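S.K.: everything below, folded, please.
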Amino acid sequence: MADERAPCQYAEQTIKHAQASPRTNEKGEPVMSEQLADIATERGIKYFLVSFVDLFGVLRSKLVPAGRIHDIQRDGAGFAGFAAWFDMSPADPDMLVMADPSSLLQLPWRPEVAWVAGDPYMEGEPVESAPRWVLKRQIERAKAAGYQMKTGVECEFFLVNEDGTAISDPRDTQSKPCYDQSALMRRFDVIAEICDCMVEFGWQPYQNDHEDANGQFEMNWEYDDCLLTADRHVFFKFMAKAVAEKHGLRATFMPKPFANLTGNGCHMHVSLWDGEDNLFLDTGGELGLSALAYQFLAGVLHNAPALCAFFNPTVNSYKRINAPATLSGATWSPNTVTYGGNNRTHMARIPAAGRFELRLMDGATNPYFAPAAVLAAGLDGIEHERDPGKRLDIDMYTEGHKARNAKRLPLYLLDAIRLTGKSKMLRTAFGDQVVSSYVKLKQQEWDAYARHITEWERENALDV
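M.R.: Numbers count the residues shown, from 1 in each chain. Down below sits the predicted model:
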């Protein structure tokens, strides 16, 4: 579940793998150490997956033979934006994705292939709505103010059968299966292989567990710069699915794949830094947080309902954050905008000095939009010196009625889409084009869902 590292361990951690733009020579070309063709020769790489993520968080790639990667690195890999989830038309020109060599990862389970994140361009200009660009723009805004955001994510997923109808382990039946050693070890081959990959990458994984739902797992690695964490988050989802398939299983990050079981969250731990100084850490502050940290948190709380379409982006998402109690006894997900101390029943909690945890995002969240939205909201909180109010030290699952002035989160994706479209903060931070395009495509998704006739409707309305 949550990251339980000691405050001093968090405060003293420094970035070990900087996510910088590729170094270039006087001609603007990557220097030799960043040349993917040279890396291919050194490491025996035969193919490169040159990738980007679209507005819906779908990982898109082209498989480039190593013999042509020099040209692709120089000129970009060509895509038709309309063929992915972008607000484009078939008449738009090619979208060229430029590989970022600093993100390169060689697949341990298929070492002749390497993956690299890319940034989309069109006619020489960045594609404004590309999620990685959206995050980069927020990072630049923060940098101009003297801040660097670091994040850690807790990715929950189910291991299910190949058609997704049931969990993969029929013996995993406890009503409270969290941390069940036997169920964890029955899936040791999958979990260990994924963890071994993270060790090889230098991600510093530090714990893996069976989560609160039957068939559900979580794997944790060290927090870092938010762009580096986002790139790793994208790759982790791909890696978990690929390794599971290798073992004849299927990994799903779907927010609520089973009605009676806890859903897949993607909790994010957040802090702002200046070099090696954690600006959220104040040993004399309440719960070890600085005034800046509370302003940032207040910005996230203030804007949370409008951020849900990014944090909880699917129809299914709202079956997680508005769920009744599950088989284990609790949903472990919020439906109200509140914060507390080390209390998992709130949307945000402060588990230790120097950081807070946002528990709202689910497994479907776009790995780039999620931190971009958090950073935009936090900067809004700092700019307007927002106050989060007094924390609530109550159990929101049993005493939620006592939080009389707390805002409710959206009940359905349609509500969330409308709130996002109306957000002046998001339109200022992300730009009108990004927000309008996202809202437009998400509205189309909702409309497609609304046209779908379910079995429940047949059972309850055939004889009306």
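S.K.: so who does the nearest residue to residue 238 once chain neighbours are set aside touch?
M.R.: Here the nearest residue to residue 238 in space, its sequence neighbours aside, is residue 59; by CB to CB, 6 or more residues apart in numbering that works out to 5.8 Å. Every C-beta, even on glycine, is put in place using the N, C-alpha and C of the backbone. Residues counted as contacts of residue 59 (CB atoms under 8 Å, 6 or more residues apart in numbering) are 51, 52, 53, 234, 237, 238.
S.K.: mind listing the helices for the stretch 51-200 of the chain?
M.R.: Remark: helices of the stretch 51-200 of the chain, listed N- to C-terminal, are 69-75, 131-144, 181-186, 188-201; assignment by DSSP state H, counting those that start in this stretch.
S.K.: out of those, flag the one nearest residue 215.
M.R.: With CB to CB as the measure, helix 181-186 is the member of those nearest residue 215 (8.2 Å).
S.K.: got the contact list for the closest one?
M.R.: Helix 181-186 has contacts (CB under 8 Å, 6+ apart) with 169, 171, 172, 174, 177, 191, 208, 209, 210, 214, 217.
S.K.: contact partners for the third one?
M.R.: For residue 172, the contact set (CB under 8 Å, 6+ apart) comprises 180, 183, 186, 210, 214, 215.
S.K.: which of the residues you listed sit farthest apart?
M.R.: Checking the contacts of residue 172 against each other with CB to CB, the farthest-apart pair comes out as 186 and 214, at 11.8 Å.
S.K.: separation between residue 222 and residue 38?
M.R.: Residue 222 sits 29 Å away from residue 38 when distances are taken as CB to CB, to the nearest Å.
S.K.: the more surrounded of the two?
M.R.: Taking neighbours as other CB atoms under 10 Å, residue 222 and residue 38 compare with residue 222 leading, 21 against 14.
S.K.: any low-confidence regions in the stretch 101-250 of the chain?
M.R.: Counting by pLDDT under 70, the stretch 101-250 of the chain contains no low-confidence segment.
S.K.: what residues are up against residue 177?
M.R.: Neighbouring residues of residue 177 by CB under 8 Å, 6+ apart: 183, 210, 212, 213, 214, 216, 328.
S.K.: measure it to residue 328 for me?
M.R.: From residue 177 over to residue 328 the distance is 7 Å, taken as CB to CB.
S.K.: for residue 183, same thing?
M.R.: 13 Å.
S.K.: what does residue 270 give?
M.R.: The gap separating residue 270 from residue 328 is 27 Å, by CB to CB.
S.K.: comparing these two, which residue is more hemmed in?
M.R.: Here residue 270 and residue 328 are set side by side on neighbour count (other CB under 10 Å), and the busier one is residue 270, at 24 against 19.
S.K.: hang on, the more buried one in a helix?
M.R.: No: inclusion of residue 270 in a helix is not indicated when DSSP: H, G, I helix; E, B strand; the rest coil is applied; the result is strand.
S.K.: next up, the contacts around it.
M.R.: Counting by CB under 8 Å, 6+ apart, residue 270 touches 149, 150, 151, 280, 296, 355, 356, 357, 358, 374, 378.
S.K.: next one: residue 249
M.R.: 159, 160, 161, 162, 168, 190.
S.K.: make TSV out of these and add neighbour count.
M.R.: What follows is those, written out as TSV (neighbours: other CB atoms under 10 Å):
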residue	neighbour count
159	22
160	22
161	15
162	11
168	20
190	20
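S.K.: if I've got this straight, residue 301 is in a helix?
M.R.: Yes: when the secondary structure is assigned by three-state DSSP, residue 301 falls within a helix.
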